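Q: Coordinates for the following, if possible.
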Amino acid sequence: MPTPTAKSEATRELLVSTALRLFRKHGYEKTTMRAIATAADVSTGSAYYYFASKDDLVHELYRTLQDEHRALALPRLREGQNLGELLRIVLNTGVDVMGPYHDFGSNFVGIAIRPSATTSPFGSESAVARARAIALFRQAVAMSRPQPPLAIRDDLPELLWYAYMGITLFWVYDSSPDQIRTRRLIDQAAPLISKLVILSRLPVVRKIAEDIVQLIRGTRQ
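A: The predicted structure is shown next:
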């Protein structure tokens, strides 16, 4: 017999997978928690026990993707690699774990950009998941050689995460087989970003980089 913890985890996973299926079929707005519970053969009360709302189901998907991304990326990162190589690994493994959800991608964008959405990756409700994602980029930056200039080193992981969000949006609307165009974008963008980071040691480029850092810091206030 499964342990209570294993049974609870299985129920959570069932509710999330059922919700995704119904979101694809009926749309987010028309899908109710009652419908999700019924389709999963779980009582409505039990569904609300695990998730207070549909938005909580989306946040659970965030957390699952974060855990899978870290588990896939971390063993491949090597101390002393240049930032471009490390960034390519982090970005490609991010696309790897999102792969099974590609047909849900456009639906997700529609959910996340609603004015009142609590599911936006940029919102306060997503702060924990966002911090975990940025932490993976922070680890890549810390392992890279040569190290990025001190002036941008602390803020660079967040800047890289914003770049990752842009690539994710490109991936959502990439209809090429196995999203090969997104892979090409990553392979070209990762070394370019690395070169720009190194060039930020130069006075002219450093001023631009510092302006970008200040811009990002301003969005946190």
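Q: Following the record's annotation, map out the domains of the chain.
A: Residue ranges for the domains of the chain, per automatic domain parsing: 1-52, 54-219.
Q: Redo those as CSV? Include mean neighbour count.
A: C-beta here means a position set from N, CA and C on the backbone, and glycine is covered the same way. Listed next are those as CSV, based on neighbours: other CB atoms under 10 Å:
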stretch, mean neighbour count
domain 1-52, 15
domain 54-219, 16
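Q: any chance of those in JSON lines, plus mean pLDDT?
A: JSON lines is the format used below for the domains of the chain (pLDDT from 0 to 100):
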{"stretch": "domain 1-52", "mean pLDDT": "88"}
{"stretch": "domain 54-219", "mean pLDDT": "87"}
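Q: can you map out the helices along this protein?
A: Ranges of helices within the chain are 4-26, 33-39, 44-50, 54-73, 83-98, 105-112, 127-143, 150-153, 156-172, 180-199, 203-219, based on DSSP state H.
Q: got JSON lines for those, with distance to Thr119 too?
A: Below are those laid out as JSON lines (distance: least, CB to CB, whole Å):
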{"stretch": "helix 4-26", "distance to Thr119": "11"}
{"stretch": "helix 33-39", "distance to Thr119": "15"}
{"stretch": "helix 44-50", "distance to Thr119": "17"}
{"stretch": "helix 54-73", "distance to Thr119": "4"}
{"stretch": "helix 83-98", "distance to Thr119": "15"}
{"stretch": "helix 105-112", "distance to Thr119": "5"}
{"stretch": "helix 127-143", "distance to Thr119": "10"}
{"stretch": "helix 150-153", "distance to Thr119": "30"}
{"stretch": "helix 156-172", "distance to Thr119": "14"}
{"stretch": "helix 180-199", "distance to Thr119": "22"}
{"stretch": "helix 203-219", "distance to Thr119": "18"}
